[in-house]
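[1] Turn this into a model:
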Amino acid sequence: MKRIAFLLPFLTVLLFPACSEAADEIIACGDDQVIIIDRNKSADTNVFITWKWKIGEIDDLPGDYLKYMRTTDECKPVDNNKKILIASSSGGVVLTDRKTKKSLFYAYVPMAHSAELLPGDRIVVALSTNPEGNCIQLFDIGKPDKVIYQDSLYSGHGVVWMPRYQRLFALGFDELRSYSLKDWDTDNPSLQPDRKWQLPDNGGHDLNNITDDRLIITTHNGVWTFDIPDEQFREFELLKDVRNVKSVNYNESTGELLYTKGEISWWTHNIYSRNPDKTITVPDIDLYKTRVIRRR
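    Presented below is the predicted three-dimensional model:
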């Protein structure tokens with residue numbers, strides 16, 4: 001029995017390798033589709049796609065909606081990677097089940113650049129332009145045709161929910177805002193504006209989280225981090241000399257960095273990573289933003 005007990009730790013490593021050894025996936029979008037890429041098996045133009053979602057292949061979306069939703073701008077894994085939330089500036093927002101590809105929510109929201117799934121099955125959308133100036137809109141998954149809350153934010157380009165602080169952060173053209181949940185257990189929930197911070201550089205473009213208490217922001221001319229506890233913007237040194245950065249994913253504990261940068265006007269075909277230093281090229285899709293799916 002002592003010998004078996006001694007061998008158990010080694011058998012565990014062999015049979016159940018640590019999650020950190022598995023390469024994270026990349027979820028990327030552009031044109032009319034979303035793809036998930038195996039990072040470990042992809043390099044240069046040899047792209048190993050493990051999952052693909054095309055707007056025109058979704059049977060349960062109305063024809064009118066398909067007509068408008070032509071270009072995907074942002075796609076992010078939500079609900080522990082079981083679902084994917086897609087924003088399209090040409091037509092709206094879709095929440096789809098990753099396994100079945102069935103759409104769980106869709107709403108016609110022109111100029112939607114970013115979306116986030118909030119507690120209680122509600123979805124918030126950031127719009128770059130809106131005739132009424134309300135570039136933050138809130139929906140209930142069960143009522144996709146009704147905006148239940150909206151707020152003014154000039155040129156909304158990013159929304160991220162931070163569970164540790166129970167707050168939503170929204171990126172505009174020249175400011176970052178935070179919201180808390182108000183009347184969330186009622187039929188009339190809203191987002192309560194908390195704080196506003198002036199960006200160090202105009203042209204807020206993309207918002208992502210890199211730790212539980214730190215955000216990363218891309219603007220027209222640079223990349224910045226925002227530390228929530230001390231409310232400080234800092235220039236992101238690792239991309240200081242890279243121009244026209246569109247989206248950034250960074251793992252502080254491992255130093256892994258993945259980003260896209262505009263090379264064909266707004267678009268690119270390349271996904272760049274450092275540590276390891278590698279480029280993945282997807283020639284058939286005009287890529288915009290990428291996100292990393294952490295394997296648990």
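[2] Residue 90 reaches residue 70, doesn't it?
    Yes. Residue 90 lies in contact with residue 70 (CB atoms under 8 Å); the separation is 4.5 Å. The C-beta positions use only the backbone N, C-alpha and C, and glycine is treated the same way.
[3] burial count for the nearest residue to residue 185 once chain neighbours are set aside?
    With CB to CB, 6 or more residues apart in numbering as the criterion, residue 185 has its nearest non-adjacent residue at 7.7 Å, and that residue is residue 120. Around residue 120 there are 11 other residues, counting by other CB atoms under 10 Å.
[4] Could you say which helix or strand holds residue 120?
    Applying DSSP states H and E as the criterion places residue 120 outside every helix and strand.
[5] Give me the phi and psi angles of it.
    Phi and psi for residue 120, reported as degrees, to the nearest 10, are phi 80, psi 20.
[6] who's in contact with it?
    Listed by CB atoms under 8 Å, 6 or more residues apart in numbering, the contact set of residue 120 reads 184, 185, 189.
[7] Apply 10 Å and report the result again.
    140, 141, 181, 184, 185, 189 (CB atoms under 10 Å, 6 or more residues apart in numbering).
[8] of those residues, closest to residue 253?
    Nearest to residue 253 out of the contacts of residue 120 is residue 181 (CB to CB; 29.2 Å).
[9] sorry, back to before: could you tell me which residues touch both of residue 90 and residue 70?
    Common neighbours of residue 90 and residue 70 (CB under 10 Å, 6+ apart) are 32, 55.
[10] And stretch 194-213, how far out from the chain middle?
    Here the centre of stretch 194-213 is set off from its chain's centre by 14 Å, with CA atoms, centre = their mean, to the nearest Å.
[11] So for that stretch, mean pLDDT?
    In this model, stretch 194-213 has an average pLDDT of 95.
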